[in-house]
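Undergrad: Quick one, structure for this:
(2 chains)
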Amino acid sequence: MENIVLIYNTLSRQKEEFIPLENNVVKMYVCGITAYDYCHIGHARSTVVFDVMVRYLRHVGYNVTFVRNFTDIDDKIINRANEENISSEQVAEKYIRAFYEDMDRLGILRADVEPRATTHIREMISLIQVLERKGFAYPTPSGDVYFRVRKMENYGRLSGRNIEELQSGGRVAPEEEKEDPLDFALWKSSKPGEPAWESPWGDGRPGWHLECSAMSEKYLGIPFDIHGGGQDLAFPHHENEMAQSEAAFGKQFVRYWIHNGFVRVNSEKMSKSLDNFITIRDILSGVHPQVLRFFLLTKHYRSPLDYSTQYLLEAEKAVHRVYSTIALLEKELSKSKWSQGQDYSHVEQDIQDIVRKWNQAMDDDFNTAEAIGYLFSLMRLANRMAEEKSFRKSEAGRQIMNQILSVIKEWGDVLGVFNGPCNEFLDELKSLRCVRSNIDPGLVQSLIEKRQSARKSKDFVLADKLRSELAEMGIEVMDAPDGAKWDFA
RNA sequence: GGCGGCAUAGCCAAGUGGUAAGGCAGCGGUCUGCAAAACCGCCAUUCUCCGGUUCAAAUCCGGAUGCCGCCUCCA
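TA: Numbering: from 1, shown residues only, chains lettered A, B, ... in the order given. Model (predicted):
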């Protein structure tokens, strides 16, 4: 492997050189959603950043097996089912479908395996049995099964806390049947009317943490290379998952733990409990999915990311700039005559240099924010060169323009942005903006035609009047040799 | 209360020991009938504050202030 990828490992609290267990094979598991509601931008961020990591690891030559689960049984799903008066299965099905709709629009690749908890009950039960045999699990008279946290050495090392601190936190109310307030449920007995599966401890359902332990082992084996999720999952979810798995299998569970930072609104975490979340579908009704995706990558994945409409609009301008440059290059390249020109090898050098830096940025803990900086350096270079007539018309220029396009394509495939047809993007963006500003494109077109005929008859007073009329609508008219075009200012 | 993170220009943001990437906005210029886009130039002697280590610190150490997160379901 040529690239040395550094990954910040939550376990060690530092960046480490990424060395997979099996030379170029990467086994990666990321916690997916609990399917009980529409996804918000926080889910989008997590899903996008891990999608980019998978894409980048593949890009540098790793053979990645990627597993992302769906939690399709859980208290929140049961509650939602009661609210909506449908079954838990229907709730999960509905929101898993919604997940795919949203994530497909965001260009998220499907994982290699997308297991669901309810189809792995058997695996979970046997895992509990192993834990019971080893003395890590104990059933209670009412049919719950708990994990004996104190028996687990090193419990708390992932999330950086120790058992005594957790104990003294005093917020954990002792429940009668637990031996210790810190113990967590592996199996929950069901109340009448709740979804339930048969088990040696009576009818019930699995605890939340258990599914990831069972399914990751089943599809990746233990230990595996990377386990990811949102920062809020580090404790208790991942801590408990790790405890279970290491207790059951008697070896290390995961080598690199990756946690992404939160999306914030007004400097506060966006979350269900604060009720300050914005769903992906709400945003996408007025913002292009490529823009949202780009926005989510403009900050390093571990830092908090503040959300606001203004930031989204800035991202929109940035994405527009890149696509405009692509459009320019494609237009130049559609010409058929190329002349012998001067030597532009220094430009190729510049491109190589930018590409090298881009790779270094991505190697350094997937620093998309820095990498995007280099993308803009490349855009400026492209535009600058395209200004030069002799460059534009020369064979050497043609080759360089092609080279730049293929670099953008390569980066676009990693970022999942700038990898689509650019005219399609520009058209979609324009119509979105029409909808947003409540503008009728037909009206704009007729005003432009009026202005064109005014210009033809050199009536610049009328032409300028029409220009400012359009400007008041937020429309900018661009006169070009091949006719007038328009876009939003 | 315990543990952890962050603080960089008007705004967003990268940068963990070698002298401040990039984007948005703004200003001047080229181009244009006028514009827009694009390009060129300008835009932080300085990185919350105070002390320390060092030849050298936004980067390391100590302290202060502010903001945020986890400790309970949460990406």
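Undergrad: mind listing what's buried in stretch A:6-16?
TA: Along stretch A:6-16, these residues count as buried under the neighbour rule (16 or more other Cβ atoms under 10 Å): A:6, A:7, A:8, A:9, A:10, A:11. Placement of C-beta: from N, CA and C, glycine included.
Undergrad: Apologies, that question was intended for stretch A:356-364.
TA: Across stretch A:356-364, burial judged by 16+ other Cβ under 10 Å covers A:358, A:359, A:361, A:362, A:363, A:364.
Undergrad: How about it and RNA strand B, touching?
TA: Yes. Contact between stretch A:356-364 and RNA strand B, assessed by Cβ under 7 Å from any atom of the strand, occurs at A:361, A:364.
Undergrad: what mean pLDDT does that stretch have?
TA: The pLDDT scores in stretch A:356-364 average 96.
Undergrad: Touching whichever helix or strand residue A:122 is part of from outside, list them.
TA: Counting by DSSP states H and E, the element that carries residue A:122 is helix A:121-133. Residues outside helix A:121-133 that contact it (Cβ atoms under 8 Å, 6 or more residues apart in numbering) are A:117, A:137-139, A:145, A:147, A:186-187, A:197, A:199-201, A:206, A:210-211, A:213-215, A:217-218, A:244, A:247-248.
Undergrad: Excluding covalently adjacent residues, which one is nearest to residue A:379?
TA: Once flanking residues are discounted, residue A:379 sits nearest to residue A:325: 4.7 Å by Cβ to Cβ, 6 or more residues apart in numbering.
Undergrad: Show me what counts as buried in the helix holding residue A:122.
TA: Residues of helix A:121-133 classed as buried by neighbour count (16+ other Cβ under 10 Å): A:121, A:123, A:124, A:125, A:127, A:128, A:129, A:130, A:131, A:132.
Undergrad: how close does the residue of the stretch 101-250 of chain A found nearest RNA strand B get to residue A:40?
TA: Nearest to RNA strand B, among the residues of the stretch 101-250 of chain A, is residue A:230, at 2.1 Å (Cβ to the nearest atom of the strand). Counting by Cβ to Cβ, to the nearest Å, the separation of residue A:230 from residue A:40 is 12 Å.
Undergrad: All the helices of the stretch 301-450 of chain A, in order from the start?
TA: Shown for the stretch 301-450 of chain A, the helices assigned by DSSP state H, counting those that start in this stretch span residues A:309-333, A:345-363, A:368-387, A:389-393, A:395-415, A:422-437, A:441-456.
Undergrad: coming back round to it: pLDDT at the residue nearest to residue A:379, what is it?
TA: Residue A:325 is given a pLDDT of 97.
Undergrad: do the same with residue A:175
TA: Note on residue A:175: pLDDT of 56.
Undergrad: following the helix or strand of chain A with the lowest mean pLDDT, which helix or strand shows up next?
TA: Least confident helix or strand, chain A: helix A:163-168 with a mean of 73, by mean pLDDT, DSSP states H and E. Following helix A:163-168 in sequence order, the next helix or strand is strand A:184-189 (DSSP H and E).
Undergrad: picking that back up, mind giving me the ChimeraX command for buried ones among the contacts of helix A:121-133?
TA: Selection of the buried residues among the contacts of helix A:121-133 in ChimeraX, burial being defined by 16+ other Cβ under 10 Å:
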select /A:117,137,138,139,145,147,186,187,197,199,201,206,210,211,213,214,215,217,244,247,248
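Undergrad: and the stretch 151-300 of chain A, which of its residues are near RNA strand B?
TA: A:159-161, A:165-166, A:169, A:171-172, A:208, A:229-237, A:260-264, A:267-273, A:298-300.
Undergrad: List only buried entries from those.
TA: Buried residues within those, counting neighbours by 16+ other Cβ under 10 Å: A:159, A:166, A:208, A:229-230, A:232-234, A:236-237, A:260-264, A:269-271, A:299-300.
Undergrad: Of all residues in the stretch 351-489 of chain A, which one is closest to RNA strand B?
TA: Closest approach between the stretch 351-489 of chain A and RNA strand B, counting by Cβ to the nearest atom of the strand: residue A:373, at 2.3 Å.
Undergrad: residue contacts, the residue nearest to that residue when sequence neighbours are not counted?
TA: Distance criterion Cβ to Cβ, 6+ apart; nearest residue to residue A:373, sequence neighbours excluded, is residue A:361 at 7.8 Å. Each residue near residue A:361 by Cβ under 8 Å, 6+ apart is listed here: A:367, A:368, A:370, A:371, A:373, A:374.
Undergrad: Just send the residues you listed back as TSV, with pLDDT, distance to residue A:347 and neighbour count too.
TA: TSV is the format used below for the contacts of residue A:361 (pLDDT from 0 to 100; distance: Cβ to Cβ, whole Å; neighbours: other Cβ atoms under 10 Å):
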residue	pLDDT	distance to residue A:347	neighbour count
A:367	97	26	18
A:368	97	25	26
A:370	97	23	15
A:371	97	21	23
A:373	97	19	15
A:374	97	16	21
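Undergrad: Which of the residues of the stretch 151-300 of chain A next to RNA strand B fall in helices?
TA: A:165, A:166, A:208 (DSSP state H).
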